[in-house]
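Asker: turn this into a model:
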Amino acid sequence: MAVVNLLIDAWSNLSHKRGLDGEAATSPLAPTWIGRVGGPTWRRLAAYKTLRLYLENSARHVLANESESVRRNHREYGDPFVLSEAIRSAVIGDNIEIVVDNAGDDPEAEGLEPGQADEIRRAEARQTELREWAAPQRERFPMRVIEGERHAVGVGDVVYLISWSGKRGRPKLRVYDPGFYFPVLDPSGDDEYPERVHIAWQWEDDNGDEWVRRITWEIGPLGNDRTNPGTPFAPYVGAPRALPWRGDDGESLTATTTCYMSDATWKAGDVLSGESNGVDAFTLGTVNRWATNDEGAEVRRLDLGFDFLPLVHLPNTIAGAEHFGRASISNVLQIFDDIAAADTDLSKAAAVAGTPPIAVDDSASPSYVDQPNDQPHEGTEAPQFSGRRRKALTYGPGQVMRGKVTVVDTSNALNPLIEFIGHLLERLSTNGRTPEEILGRVGAADVPSGVTLALAFGPFRAMIDEMRLVREQKYGLLLKFVQRLMILGQITDDPRVYPATVAFGSFLPSDLSGVVEIVVKLLAENGISRRTALMMLVDAGLDIDGTIDEEVQRIRAEDFEGAGALADAAEDVNAARDYLGLDPIEDPGAEAAPGAEGDEEEPPEEEPPRPPGVPPAPARA
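Answerer: Sure thing, here's the model as predicted:
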């Protein structure tokens, strides 16, 4: 009995595809320099390429049937891309915003601990610095996140690189395709944060020569020069290096390790010292050229001056020991295959139904013609005729036929195919945990109220919340690295690194009119504050100018009736002025209206006596 080796990993759900089904050696899904064909790294890159083919409507290239005509006629209408983009849009929501902890608190609030107000102001200043760095006119952070999330959701992973740009004078963010990412994972260590990572890719120049570029970041002791990857670092015995940033409680930090960076290019045939070792074992003696940085220094074990790897690997799902994530479409790939096959059959059936077969009952019909045999008469060159032979009958608009014509109606075969495709799409929605409303398969008139719809989105919301949980940690790490480089580059005066993350907006549909009705009733009964009411309205889709706190202040600045009620209740006009956002006055009584209690009106000026015979002066208008 043959022993079957069943491999279960993050890409097992693609094992039915050509190239990942055990025929690895015959498939061009990954380059040869990454290591053993069919090994873990090879399977990962082959899986990325297969998933990308689905997203690009090109999965016909990995069909089990190798017939070119079958692949050419295979129909793909973009269903994988629609599902992936729907999930990606929900993960991001309707907003991308950098938020620093405590930056939204009121530094003037009562009951604050000593120094807490200053902490709030410093957090607000750092939040402003990060948002200015991330602005669309500068580092274009929102667009980078969208680009990265397309990789993460579509194929399972993405890699962000944070580096210092001397030309721009600020940290630079770059997005790498996960197919370029080669971490050196230690099975006995923490695979989530490897200490040696390669970014490598291959290209072809105009002369047809193939090249491989590998950029390496590695954590090692200060002052070491390890030129052989198989040689361990020597222990560091010198004085620790002082780091420019401070710890969470403001203490000074030092390090005995640093990050080394190398950037080299090889000819594709000269990269490996052994096929089984892969990207980590490129032969350094065959390097064609080393890259140089902005200062002209050779990037060969270059000390970057900090003790962390400036790369953040973001898996699409909770990865744990697997390290790599899973694409959102991977579990429903066979449904996509069946949908494409049914669409192909429907296309063929529609072509037959559009030009149905006909039968003409007349022996004189031009469907019979005299055709010569292949061999001529003996002793002559004239062809031999054997009478009538059937010839395919074609027809078109305006053509006249003789005899009785019978049309074979095949249109009834279309309905079962259409129903079957509808069933597959419903199955896709269920198994993909994405409601049909999100995929655009439900008309606007058939959508229930937003609140009812939101309650029905349980599985989809659970999936998005889980995916956002992964991103909260990874984007927080990315922003920590950005702050460290800001401090190292001396573009901020505050040496503290503050907890920060990327806050994504709402993604669930809502019933704005229904929420407005609820908010109005609660405000009338003093059941909620204005700030809470605005938060409910913003979550329901109401667009406001600025933050919620700014909108609350604008509402109060125009609420003269509320200010008057506050002045009467507090018997303090300055309380009303503070409510309206106005400066206080030193003597409130001096600003009181004439005739108020405690004020006396000046008596009218008496008219001087008139001389005898002088009429009184005319009254003034």
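Asker: make it CA atoms for all contacts and neighbour counts henceforth
Answerer: Noted.
Asker: tell me how many other residues surround residue 400.
Answerer: Neighbourhood size, residue 400 [other CA atoms under 10 Å]: 8.
Asker: that one belongs to a helix?
Answerer: No: per DSSP: H, G, I helix; E, B strand; the rest coil, residue 400 lies outside any helix segment and is coil.
Asker: ok, it - contacts?
Answerer: By CA atoms under 8 Å, 6 or more residues apart in numbering, the contact list for residue 400 is empty.
Asker: and what of the one 5 residues further on?
Answerer: For residue 405, the set of contacting residues under the criterion of CA under 8 Å, 6+ apart consists of 358, 359, 360, 361.
Asker: now with 6 Å, please.
Answerer: Contacts here follow CA atoms under 6 Å, 6 or more residues apart in numbering; on that basis residue 405 touches 359, 360.
Asker: give the residue spans of the stretch 1-150 of the chain that score low on pLDDT.
Answerer: By pLDDT under 70, the low-scoring segments of the stretch 1-150 of the chain are 1-6, 21-28, 66.
Asker: now do the strands in it.
Answerer: Ranges of strands in the stretch 1-150 of the chain, per DSSP state E, counting those that start in this stretch, are 96-100.
Asker: now the helices for it?
Answerer: Applying DSSP state H, counting those that start in this stretch to the stretch 1-150 of the chain gives helices spanning 40-55, 68-72, 79-92, 116-134, 141-155.
Asker: now tell me what touches the helix or strand where residue 346 lies from outside.
Answerer: Following DSSP states H and E, one finds residue 346 within helix 333-354. Contact partners of helix 333-354, identified using CA under 6 Å, 6+ apart, comprise 74, 75, 76, 410, 411.
Asker: ok, of those, which come out buried?
Answerer: Neighbour-count burial (16 or more other CA atoms under 10 Å) applied to the contacts of helix 333-354 gives 74, 75, 76.
Asker: find the centremost residue of the chain, please.
Answerer: residue 149 (2.4 Å; CA atoms, centre = their mean).
Asker: so the residue lying closest to it once chain neighbours are set aside versus residue 96, what's the distance?
Answerer: Leaving aside its chain neighbours, residue 149 sits nearest to residue 88 (6.4 Å; criterion: CA to CA, 6 or more residues apart in numbering). Using CA to CA, to the nearest Å, residue 88 is found at 13 Å from residue 96.
Asker: more neighbours: these two, which one.
Answerer: residue 88 (20 against 16).
Asker: pull the longest helix from this structure.
Answerer: In the chain, assigned by DSSP state H, the helix with the most residues is helix 458-488.
Asker: tell me what angle the helix or strand following it forms with helix 141-155.
Answerer: Counting by DSSP H and E, the next helix or strand C-terminal to helix 458-488 is strand 500-504. Here strand 500-504 points in a direction 70 degrees away from that of helix 141-155 (axes from the mean of the first three to the mean of the last three CA atoms, to 10 degrees).
Asker: who are the packing partners of strand 500-504?
Answerer: strand 96-100, helix 458-488 (3 or more CA pairs under 6 Å, 6 or more residues apart in numbering; DSSP states H and E).
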